Structures are given as C-alpha cells and as structure tokens.
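Chemist: with the input below, show me the fold.
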Amino acid sequence: MDHFAFTPHGVCLLWDWRLIGVMVLGNLLVAVAYYLIPFELLRAARRMRAHLPPEVVKVVLMFGVFIVSCGTGHLILIWLLWHPSYWFEACWTLFCTAASSWYCALYIFRRMHGILAILSNPMSFSNLKHTVSFQELKERIDLLEARFGGPLNG
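Modeler: Numbering: from 1, shown residues only. Now for the predicted structure:
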C-alpha cells in the first residue's frame, strides 16, 4: 500500500496545536525517561558487574533493550503527527517492542526462581571480590524486599 494514501495523525486532531503540543510534550517526556532508565540500570550493573551473576547482568541488558524500544515507540508517535509512516510504526511495534518484551517476559518467567535463589544465597556468588557477612546480605535482601513490596523468594 502506498505510504501517501494515509494522512498524518495531526489530521485526526484537526491540527489543534494545543492538543498536538501536549501530545508531543507528553511523548517526549516519556521517551526521555525511557532512555534514562536503562542508562542508569547499565551504569549500576557496570559498577556491580563483579558481584552479579551473569544471569542478572543479562536481565538488566534485556530490560534495557526493551525499555529503549518502548521509548523509541513514543518518538515514533511524535513523528506520526506529521508523517503517515504507519507501516514503520507497526513494524517497530511488532519486531522491536513486542519481540523484546516477550523475550524478556519468557526469560524472566523461566529463570526468575533461579535468579532469586542465586541472589539470596551468599555461597552462590563465586566471583565476589570481598567477603560479605550474612548480616550484611540479610540487610541488603531486606532493603530490596522493602523496595519491591514483598518477599523476593516467592
């Protein structure tokens, strides 16, 4: 189908510049937040890499890809206000956002129990550079449980 057979989304909004401005601002703010989140996750993972099992690092990287694809989707929504690139948006949603989100979901679903077991067992951290006391580990787990609103083991 011809790209030019479609109209930009702004037509549906009757080119109301106030409404378009709010939509642009909202989607832009969401996109920037979506780009900042994985940046910070990667920074934290890099600092903690020696202390984290490879499975946890992989989860952080997968979430980063997923979150960036979501942010890019919001930038595409801004683009669609003026350019009727709906096939591009549909392909991005299917092949990038949906694929990365399902990959993350299935990976987490299959491995979360094992990841939590690794994180809650101090003996499973074979690559620790310093010894962590049981009390210190318990305090860290308690802090994570408080932050995530419940027990991490199930």
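Chemist: CA only for contacts and neighbour counts going forward, please
Modeler: Noted.
Chemist: right, and T7 touches Y86 too?
Modeler: No: with contact defined as C-alpha atoms under 8 Å, T7 does not count as touching Y86 (9.5 Å).
Chemist: packing partners of the top helix by length along the chain?
Modeler: The longest helix of the chain (DSSP state H) is helix 17-48. Judged by 3 or more C-alpha pairs under 8 Å, 6 or more residues apart in numbering; DSSP states H and E, helix 17-48 is in contact with helix 54-80.
Chemist: pLDDT averaged over the helix it packs on - what is it?
Modeler: In this model, helix 54-80 has an average pLDDT of 92.
Chemist: that one packs against which elements?
Modeler: Contacts defined by 3+ C-alpha pairs under 8 Å, 6+ apart place helix 54-80 against helix 17-48, helix 86-92, helix 99-120.
Chemist: can you list the weak-confidence ranges in this protein?
Modeler: Counting by pLDDT under 70, the ranges of the chain that qualify are 1-4, 115, 118-119, 122-134, 152-154.
Chemist: report the central residue of it.
Modeler: What sits nearest the mean C-alpha location of the chain, by C-alpha atoms, centre = their mean, is I67, with 2.9 Å.
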